[in-house]
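# Return atomic coordinates for the entry below.
(chains A and B)
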Number of protein chains: 2
Amino acid sequence: MKTYDTMTREELKGELAQLKKEYSRYQSMEMSLDMSRGKPCKEQLDLSMGLMDALNSDADMYCEDGTDCRNYGVLGGIEEAKVLLSDMMENNPDNILIFGNSSLNVMYDSISRSMTHGVMGNTPWCKLDKVKWLCPVPGYDRHFGITEYFGIEMINVPMSETGPDMDMVERLVAEDEAIKGIWCVPKYSNPQGYSYSDETVRRFARLKPAAKDFRIYWDNAYGIHHLYDHDQDYLIEILAECKRAGNPDLVYKFASTSKVTFPGSGIAALATSSNNLEDIRNQLKHQTIGYDKVNQLRHVRFFKDIHGMVEHMRKHADIIRPKFEMVEDIFEKNLGGLGIGSWTKPRGGYFISFETMDGCAKAVVDKCKKAGVKLTSAGATFPYGKDPHDSNIRIAPTYPPIEDLRTAAQLFTLCVKLVSAEKLLREMQEGTAVKAESTVKSEDASKQS
Amino acid sequence: MKTYDTMTREELKGELAQLKKEYSRYQSMEMSLDMSRGKPCKEQLDLSMGLMDALNSDADMYCEDGTDCRNYGVLGGIEEAKVLLSDMMENNPDNILIFGNSSLNVMYDSISRSMTHGVMGNTPWCKLDKVKWLCPVPGYDRHFGITEYFGIEMINVPMSETGPDMDMVERLVAEDEAIKGIWCVPKYSNPQGYSYSDETVRRFARLKPAAKDFRIYWDNAYGIHHLYDHDQDYLIEILAECKRAGNPDLVYKFASTSKVTFPGSGIAALATSSNNLEDIRNQLKHQTIGYDKVNQLRHVRFFKDIHGMVEHMRKHADIIRPKFEMVEDIFEKNLGGLGIGSWTKPRGGYFISFETMDGCAKAVVDKCKKAGVKLTSAGATFPYGKDPHDSNIRIAPTYPPIEDLRTAAQLFTLCVKLVSAEKLLREMQEGTAVKAESTVKSEDASKQS
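Here you go, the predicted structure:
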């Protein structure tokens, strides 16, 4: 197939006319599809309805240690929930705190605490002139939203298939004491689905930050969210690696069951060193008497153990894997060889990342919207919503029913073609326009002369 | 009966010997009772076990507006939960946000937000040299814990049966711009069980604080927690009164179902003006994607409406009313007319407040502890844990089984008598000692001369 940039103007014009006709057909379908967020679909939610029976009115509401889960107390989570989540996170139960329903909330609170009270005795960030943060891009918009909200200056760090540009990360944290953290989604990253290489994790654990209160915000949101039974990504466990590297306090690791059971009704956890835990507990005891222990117990009774959780995640995979594969097939079929876009093929997580030609992402998202398919805003995957190349689009295939998703993916590829063809033609015409204009000018000049 | 302070030294010595014998008897019982916190008892928790069946695996998990409660979204709470909680709080559903499991957490987060981002465009408190707070005393230790944690200077304001000393409150907030808030438990206050009078509420709504970002933290923790069917306290609704007084933004009002269903697994809410809500939402959208909607729906399905909730609270009252009355009876029988203690007789809430003679509270709590009954630490009801008169003790009658509570109340009155008798004897002896010492001195003096 001929790539778009090798087409003649006439060929492109013909192609564009065809694409526009097809686009009109989609518009007449009056679709209304929301693919903007990484939400599980109804069938995935149905998998966890057993959770609603895990504790009924006849249930034993006591923990193994005799705690009545219905009453006040137990700040850091019930023991059996720590065991379950520690198996999920590959950490020691002693290094875990269980929180409420949202790990994002835990991250926000961690930054908020650092602003008002500092990290392990260091100056509260609100007393500093400047706080900076490293942001691997593209990344998760809600991460960037938190740091922006706290007035923290965000610095883009390019992502590759092996993780963030570690040369840049090492250099920046070593030379600038104002840099206090970095957002990481180390496994099946949002939005690319990349997993950090062993080398990347090792280098993270060996960072030598100028700031003693620098922390890696290791958001392991997709730790057990594989799409395949055998073709899974493995990461070196970061807490253990930091400890081995002599940097035990360097990392906060976050996770939750939001995309395991119910988003918004799961349980969240933070794993970190004993020193960090003590620091956090000293704040937490003022913030709350404790989180929802009944829901913690409900999760434990439902899954029983990590094996139950893994089996459960296999069912999730069976539902969403065909969606990922279908989208990738449609992309390949409709865009393969055209030279106007590339995309990732993750083995887990919730997203596919799409790269258009420079300057096309916004227009593609806009065109999809006008035909009834809402995508994540272009730019959202970058700090301040500014994609310097206007080329990245996050595709979230999980939520729509598969037939809707098929239509949406077809429409998406159509929009990519349309916008790309328009861009190339515009560039050609601008080239012509410049020529024409200079012709006119020289004609004028000749008249005047 | 003869009051202790009119007894002769010999009478007191006789009394003390008797009391000590009785105390030994309690010590030999080797009790282990925890009355330190305002916790519901097992029978109260059992009342809400139906909550566990309100959503089972066959349940319709959709809200009335079609929202799937299991998925992401809906930042401020589902509509039907707003309706239920607004009926509970006597506010408009449009003025309510539903949060997670803890209203204390909402209060903490409100202060934290004010520290980092300020209130409605005003300077963030962390940028100010000094922030001060008014604390009606005795009060709730966890309130004081939050303000202390944020380094906010706390100023004691005396409580009376009608509420805080409003002359003092009015004067202080009008003259000192550094005062940014006041802790209030307006109904069945913690620990006295006092409810603010109409006059007090009216004066609160008409405060003229020097600080534009002054807010009343109106913790209506016991709004529907009556002990009696008819003999209930009523308060003027504060939001409505502030609106009428032309001060619509003056108050944040907090409540939760922690002592309605399960502590730690209930739902919390904040009611306030539209301006304040907008201010809070602007922060909240960065902090979380949303709170536990499944638990919100579970509560709505369980109670159905406010009438269901009120009937439910009547069952709570039937369980804990006899406990309050028994404690008050024992206090009256054992301490009435002795002039060594006084106590409140609340019509709702979770506590009885006890006043010993000056300088006796710590010793009483200590003596109870040594006989196996743990009370709230003396001093805990004051900022910085410092009761200037060392006289206030918070009694929490709800948690222990009634027979244990009887023993504990008997022990408590015994300890009050013991400590009081010891104190009076010591004072007499110190009087003597001073005399004896001066005698010795004069003898010495005569020798030297």
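# Could I get the full set of strands for chain A?
A:33-35, A:96-98, A:132-137, A:153-160, A:163-164, A:179-184, A:215-219, A:251-256, A:268-271, A:341-343, A:352-356, A:373-375, A:392-395 (DSSP state E).
# hey, least reliable of those strands by pLDDT?
Lowest mean pLDDT of the strands of chain A: strand A:33-35, a mean of 88.
# Give me the contact list for it.
Strand A:33-35 has contacts (CB atoms under 8 Å, 6 or more residues apart in numbering or on different chains) with A:372-376, A:395-397, A:399-400, A:404-405, A:407-408. (Each C-beta comes from the backbone N, C-alpha and C, glycine too.)
# And those, which two are furthest apart?
A:T376 and A:T407 (18.1 Å; CB to CB).
# need the contact list for the nearest residue to A:G308 once chain neighbours are set aside.
Excluding the flanking residues, the one nearest A:G308 by CB to CB, 6 or more residues apart in numbering or on different chains is A:F302, at 7.7 Å. With contacts defined as CB under 8 Å, 6+ apart, the neighbours of A:F302 are A:S48, A:G50, A:L51, A:A54, A:T261, A:G308.
# How much space separates A:F302 from chain B?
10 Å (CB to the nearest CB, to the nearest Å).
# How many residues are close by the residue in the stretch 301-449 of chain A that chain B sits nearest to?
Taking CB to the nearest CB, chain B has its nearest neighbour within the stretch 301-449 of chain A at A:Y399, 8.5 Å off. Residues near A:Y399, counting by other CB atoms under 10 Å in any protein chain shown, number 23.
# Which pLDDT value does the model give it?
Note on A:Y399: pLDDT of 95.
# For it, which residues are in contact?
Residues near A:Y399 by CB under 8 Å, 6+ apart: A:D34, A:M35, A:R37, A:G38, A:K39, A:P40, A:C41.
# related to what we said a few turns ago, only the buried subset of the contacts of A:F302, as a ChimeraX command please.
Here is the ChimeraX command that picks out the buried ones among the contacts of A:F302, judged by 16 or more other CB atoms under 10 Å in any protein chain shown:
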select /A:48,51,54,261
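# Just the ones of the contacts of A:F302 in helices?
If you go by DSSP state H, the contacts of A:F302 have A:G308 in helices.
# List just the nearest of the contacts of A:F302 to chain B.
For these, with chain B as the reference and CB to the nearest CB as the criterion, the closest is A:G50, at 5.7 Å.
# measure A:D65 to A:I111 for me?
For A:D65, the distance to A:I111 equals 33 Å [CB to CB, to the nearest Å].
# These two: which has the busier surroundings?
Legend: neighbour count by other CB under 10 Å for A:D65 and A:I111, higher for A:I111 (23 against 9).
# burial measure for A:Q283, as a count.
That count, for A:Q283 with other CB under 10 Å as the rule, works out to 18.
# Low-confidence regions, chain A specifically.
Low-confidence segments of chain A, defined by pLDDT under 70, span residues A:1, A:432-449.
# Domain-wise, how is it divided?
For chain A, the domain assignment from automatic domain parsing gives the residue ranges A:4-44+A:320-427, A:69-310.
# For those domains, please prepare JSON lines with the additional fields distance to B:E355.
Below are these laid out as JSON lines (distance: least, CB to CB, whole Å):
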{"stretch": "domain A:4-44+A:320-427", "distance to B:E355": "57"}
{"stretch": "domain A:69-310", "distance to B:E355": "26"}
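# Looking at those, which is nearest to B:K285?
domain A:69-310 (7.9 Å).
# Now flag whichever of the contacts of strand A:33-35 is closest to A:L270.
A:A396 (25.6 Å).
# ok, now which ones touch the closest one?
A:M35, A:S36, A:R37, A:G38, A:K39, A:Y350, A:F351, A:L375, A:T376.
# Same check on A:D233?
By CB under 8 Å, 6+ apart, A:D233 lies in contact with A:K187, A:Y188, A:S195, A:H226, A:R347, A:G348.
# Contacts only, for the residue lying closest to A:A317 once chain neighbours are set aside.
On the basis of CB to CB, 6+ apart, the spatially nearest residue to A:A317 that is not a chain neighbour turns out to be A:L227, at 5.3 Å. A:L227 makes contacts with A:A317, A:I320, A:R321, A:F324, A:P346, A:R347, A:G348, A:G349, as judged by CB under 8 Å, 6+ apart.
# how close does A:L227 sit to chain B?
Relative to chain B, and taking CB to the nearest CB, A:L227 is found at 20 Å.
# So what does that residue look like in phi/psi?
phi -100, psi -20 (degrees, to the nearest 10).
# before we move on, back to that, most packed of the domains of chain A?
Most buried of the domains of chain A, by mean neighbour count (mean count of other CB atoms under 10 Å in any protein chain shown): domain A:69-310, with a mean of 21.
# Now do that one: distance from first to last residue.
Chord length of domain A:69-310, first to last residue, is 25 Å (CA to CA, to the nearest Å).
# May I see the contacts of strand A:33-35 organised as TSV, with distance to A:A174 added?
Shown next, in TSV, are the contacts of strand A:33-35 (distance: CB to CB, whole Å):
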residue	distance to A:A174
A:G372	49
A:V373	45
A:K374	42
A:L375	38
A:T376	34
A:I395	36
A:A396	36
A:P397	39
A:Y399	42
A:P400	45
A:D404	49
A:L405	45
A:T407	50
A:A408	45
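# which one is A:N95 nearest to, not counting chain neighbours?
Nearest one to A:N95, counting by CB to CB, 6+ apart, is A:A271 at 5.2 Å.
# what's the distance between the one you found and B:N334?
A:A271 is 53 Å from B:N334, where distance means CB to CB.
# which stretches of chain A form helices?
Assigned by DSSP H, chain A shows helices spanning A:9-28, A:42-46, A:79-89, A:103-117, A:141-149, A:166-175, A:198-205, A:238-244, A:274-287, A:293-303, A:306-335, A:361-370, A:402-448.
# B:M357: which of these is closest?
helix A:274-287 (32.7 Å).
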